[in-house]
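S.K.: Show me how the following folds:
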Amino acid sequence: MNAGKIIAYIVAAILVFFGVLFIWSAFSPQGNPANILTGGVSAGIGLVLIWLAGRKKATDEQEVTMNIDLSGDVNLDTLSCKSCGGTLSSEHIHLVAGAPVVECPYCGTDYQLTEEPKW
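M.R.: As a prediction, the model looks like this:
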């Protein structure tokens, strides 16, 4: 979460808090009925600010595409889980800190893919 969203949520929380206090004070014996309007506007602005901050997309996300260029003729074996033997596909492989990691949909095991030497 970026600093702008954090500040927006803090300001919104303050506005909603004081808005509720103003509305609550209007119902006291010495209360001013105009405090209902002031509190309603304050709480309303706070709620709109929360909605706007939650709606804004994060701009610091990046999409990473991994392309593997294999040399020579390659026979593709079936990829299976080391723990349970379940069949895995390329949909189960994702990058974690730049390393290819496979997650088994059957047993939930995560492990890093390693390439064995060809000789």
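S.K.: Please make it C-alpha for all contacts and neighbour counts, starting now.
M.R.: Fine.
S.K.: where in this protein is pLDDT low?
M.R.: Across the chain, the ranges flagged by pLDDT under 70 are 1, 56-61, 68-77, 115-119.
S.K.: ok, then the element right after the top helix by length along it?
M.R.: In the chain, with assignment by DSSP state H, the single longest helix is helix 3-26. Next helix or strand after helix 3-26 toward the C-terminus (DSSP states H and E): helix 34-55.
S.K.: Follow the chain on from that following helix and name the next helix or strand.
M.R.: Following helix 34-55 in sequence, per DSSP H and E, is strand 79-80.
S.K.: ok, and what's touching that following strand?
M.R.: 86-89 (C-alpha atoms under 8 Å, 6 or more residues apart in numbering).
S.K.: Distance from the chain centre to that strand, please.
M.R.: Centroid displacement of strand 79-80 relative to its chain, using C-alpha atoms, centre = their mean, to the nearest Å, is 30 Å.
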